[in-house]
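Engineer: have a look; sequence and predicted model below, questions after that.
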Amino acid sequence: MKKRVFSGIKPSGSLHLGNYLGAIRNWVADQDKCENIFCVVDQHAITVDYEPAALRQNVRELVGLYLACGLDPAPCALFVQSHVPEHTELAWLFNCVTPMGWLQRMTQFKEKSDDLREQVSAGLFTYPTLMAADILLYQTEEVPVGDDQKQHVELARDIAQRFNHLFGETFVLPEPVIRKVAARVMGLDDPSKKMSKSTTSDSHGIGLLDPPALIRKKLSRATTDSQREIVFDRERPGVFNLLTIFQALSGQSQEEIEAHFAGKGYAQLKGDLADLVVATLEPIQARYREITSAPEQIDQILAQGVTRLRPLVEATMTRVRCAMGLR
Ligand code: AQP
């Protein structure tokens, strides 16, 4: 039996190398071994200030990139979260069984709400219950994510357990699946912060659609340190981050990479890494241009995804509504 896998990305800006290495690339690698459900989680992107026109554009770009990175609509159901209204219905039901204390402990909420304080939306606070609904609606077994989402997947598991305890066996308990290499790609300008779509600095992240010259420029400016040796050392986060990206893209071992850069300087590291990033992204960008030139095909793929998932959605929701006394 193939494991059922669910994951998603929120269209809150342009995708970066962290989203690719921490998430999409791993989904593509395993798509023939699993029963795959991949979503564009647009309702998560409206928990902070946003422009409706930009959101619409980001959703299209994200679906185009899913396909361009290699997700195949034959083994994968691809869809947009808001096209399946049961995600928000189930999220409300979960809001009613999730203790506030569980949500208050979520580190991503604390980080994102720090500057906003009283202005922060209730949606940002309850984001993890919507994410639990995304996962549990499909009776998901595995959730492949980057390291930053581990806590949210664990919360989904806790909510499933609590629901099963209160209302009877209803949900499969999901497991996060996190790769060892590049599970948390850091910002090029500040390697103490994870690479994020919503960080606006020019030299923070490498966009999957960035042209080669821009990729080279950003990498040439990446923060390093005043030492000389090019080795994997977590105490030197800038160089460690560049080497980790190199390792993830080249597939070489740490020893091979250290031997390759022995006696060389940071300019060589940045130049070789830029060659590798450009060689990885150029074919993706070419496929992206081809795919997005036929938007009606994208719409068709998304509609097929929803149709394929309907029986599963209805089966879960019927059980949930009955278990909770709502039917
Ligand atoms: N820097 C990263 N390194 C490795 N994996 C990452 N992911 C995100 N950033 C990195 C993984 O990408 C998937 C999609 O994430 P998301 O967009 O749904 O949420 P996020 O983690 O909040 O992503 P961003 O890019 O940081 O967006 P903003 O700035 O809008 O919050 C997840 O699997 C995530 O782990």
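Structural biologist: Thanks, I have the structure now. In this text, all values refer to a predicted model and were calculated from it rather than measured experimentally.

Engineer: how about the helix or strand hosting Ala259: buried residues?
Structural biologist: Under DSSP states H and E, the secondary-structure element containing Ala259 is helix 254-261. For helix 254-261, burial by neighbour count (16 or more other Cβ atoms under 10 Å) applies to Ile257, Phe261. From N, CA and C alone the C-beta is placed, and that goes for glycine too.

Engineer: next secondary structure after that helix?
Structural biologist: Next element after helix 254-261 (DSSP H and E): helix 266-292.

Engineer: against which helices or strands is that next one packed?
Structural biologist: helix 52-68, helix 212-220, helix 237-250, helix 254-261, helix 295-323 (3 or more Cβ pairs under 8 Å, 6 or more residues apart in numbering; DSSP states H and E).

Engineer: so who does whatever residue of the stretch 201-327 of the chain ends up closest to the ligand touch?
Structural biologist: Nearest residue of the stretch 201-327 of the chain to the ligand (Cβ to the nearest ligand atom) works out as Gly205 at 7.8 Å. Going by Cβ atoms under 8 Å, 6 or more residues apart in numbering, Gly205 touches His16, Leu17, Gly18, Gly187, Leu188, Met195, Ser196, Lys197, Thr199, Lys218.

Engineer: near the third one, how many other residues are there?
Structural biologist: In other words, Gly18. Number of residues near Gly18 (other Cβ atoms under 10 Å) recorded here: 24.

Engineer: just the CA coordinates of the least confident helix or strand in the chain by mean pLDDT, formatted as CSV?
Structural biologist: One helix or strand of the chain scores below all others by mean pLDDT, DSSP states H and E: helix 107-113, with a mean of 86. Taking Å, rounded to 0.1, in the frame of the first residue of the first chain, the C-alpha atoms of helix 107-113 are listed here in CSV:
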residue,chain,number,x,y,z
THR,A,107,6.8,29.6,17.7
GLN,A,108,5.9,30.8,14.2
PHE,A,109,3.0,32.7,15.7
LYS,A,110,5.2,34.3,18.3
GLU,A,111,7.8,35.3,15.6
LYS,A,112,5.3,36.7,13.2
SER,A,113,3.1,38.5,15.7
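
Engineer: quick check, it touching the ligand?
Structural biologist: No - shown here: helix 107-113 not in contact with the ligand (Cβ under 6 Å from any ligand atom), separated by at least 6.7 Å.

Engineer: and stretch 186-203, by the same measure?
Structural biologist: Yes - Stretch 186-203 lies within reach of the ligand by Cβ under 6 Å from any ligand atom, at Lys194, Met195, Ser196, Lys197, Ser198.

Engineer: assign the last one to helix, strand or coil.
Structural biologist: Secondary structure for Ser198, judged by DSSP: H, G, I helix; E, B strand; the rest coil, is coil.

Engineer: neighbours around it, how many?
Structural biologist: Under the criterion other Cβ under 10 Å, the count of neighbours that Ser198 has is 12.

Engineer: surely it meets Ser12?
Structural biologist: Yes - contact criterion Cβ atoms under 8 Å: Ser198 and Ser12 qualify, at 5.7 Å.

Engineer: hey, what's in contact with both of those two?
Structural biologist: Common contact partners of Ser198 and Ser12 (Cβ under 8 Å, 6+ apart): Val48.

Engineer: ok, and the closest non-adjacent residue to the residue of the stretch 51-200 of the chain found nearest the ligand?
Structural biologist: Residue of the stretch 51-200 of the chain nearest the ligand, by Cβ to the nearest ligand atom: Gly146 (2.4 Å). Using Cβ to Cβ, 6 or more residues apart in numbering and skipping residues adjacent in sequence, the residue nearest Gly146 is Gly22, 2.8 Å away.

Engineer: that neighbour contacts Met186, correct?
Structural biologist: No - with contact defined as Cβ under 8 Å, Gly22 does not reach Met186; the gap is 11.2 Å.

Engineer: quick one: residues contacting the residue of the chain found nearest the ligand.
Structural biologist: Nearest residue of the chain to the ligand: Gly22, at 2.0 Å (Cβ to the nearest ligand atom). Gly22 makes contacts with Val145, Gly146, Asp147, Asp148, Arg179, Ala182, Ala183, Arg184, Val185, as judged by Cβ under 8 Å, 6+ apart.
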